[in-house]
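Visitor: What shape does this take:
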Amino acid sequence: MTAPSPSSSSVSSQSRPEKKATVVVRLAAAEDEAHINQIHSVINRAYRSVSEERITIDELKAALVDKVNPLFLAFDSETGEALGTLQLDPAEHYPDFGVYSMEGHVQSYVETLPKEQQVFLGLFSVDPSQQSRGIGRKLVEASLQHAKENMKRTQCVVYVLYMRDELINWYKKLGFVDYGEKVNFPDASRLKQEGNHFSVLRLAL
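Guide: Numbering: from 1, shown residues only. Next up is the predicted model:
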């Protein structure tokens, strides 16, 4: 006696691949104020090395509609949940953090490219509970494309806290280069750990 064949419904349910939510990245808009509290939470949970808020609600509201420093947002395609942020800051408007002068350090690299051709990555955050979904990479790739095509920038710059080796290596995998540049942290009183500074990484667009 032959065993009964499984029903077509059970076969299809077993063979049908599970649908996974995707990450959607887009420019922020005024309508995103509806998600303001969630976006604010993502940013400030991501910046755990800063003792105070990385950004206030009012500052974030302004960033959503900032045309000079465009903000990119990442969302879950199914739930609409905010997952991350990244802001592009034209170098000519970026603050000067001063020359790093720690004893023994020699600044061997001097950038000669005009600031009008450079853009900084800022306000980069990914929900700590949503790591390993490729959110950060998608945010960076979308923003770099915008910087090159819409802002006509030829170089991207990012400042990374020097002790974040895993993050520095992550940027290097995306093509960023560390020439040994360092800059001061602008307000050391906001950090939970003393003696910090930034490593400077650059990427040709």
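Visitor: alpha carbons only for contacts and neighbour counts from here, please
Guide: Fine.
Visitor: Tell me where the chain has strands.
Guide: 23-27, 71-76, 82-90, 118-126, 155-161, 177-184, 197-204 (DSSP state E).
Visitor: Give the pairing partners of the fifth one; include direction for each.
Guide: Applying DSSP bridges, strand 155-161 is found paired with strand 118-126 (parallel), strand 197-204 (antiparallel).
Visitor: of all those strands, which lies closest to Phe72?
Guide: strand 118-126 (9.3 Å; Cα to Cα).
Visitor: Strand 82-90 and the closest one, what's the angle between them?
Guide: Orientation check (axes from the mean of the first three to the mean of the last three Cα atoms, to 10 degrees): strand 118-126 against strand 82-90 gives 170 degrees.
Visitor: and strand 118-126 with strand 71-76, angle?
Guide: 30 degrees.
Visitor: Tell me which residue is most central in this protein.
Guide: Phe124 (2.8 Å; Cα atoms, centre = their mean).
Visitor: contacting residues around it?
Guide: By Cα atoms under 8 Å, 6 or more residues apart in numbering, the contact list for Phe124 reads Ile43, Gly84, Thr85, Leu86, Gln87.
Visitor: Report how many residues lie close to the nearest residue to the last one once chain neighbours are set aside.
Guide: Looking back up the chat, that one is Gln87. Nearest residue to Gln87, sequence neighbours excluded (Cα to Cα, 6 or more residues apart in numbering): Leu71, at 4.2 Å. A count of nearby residues for Leu71, using other Cα atoms under 10 Å, gives 24.
Visitor: ok, now Ile36?
Guide: Ile36, neighbours per other Cα under 10 Å, totals 17.
Visitor: Kindly give the local confidence score, pLDDT, for the residue nearest to Glu116 when sequence neighbours are not counted.
Guide: Spatially, and ignoring its direct neighbours in sequence, Glu116 is nearest to Glu92 (5.9 Å; Cα to Cα, 6+ apart). Note for Glu92: predicted pLDDT of 92.
Visitor: quick one: Leu139 from Asp127, how far?
Guide: Distance of Leu139 to Asp127, given as Cα to Cα, to the nearest Å: 13 Å.
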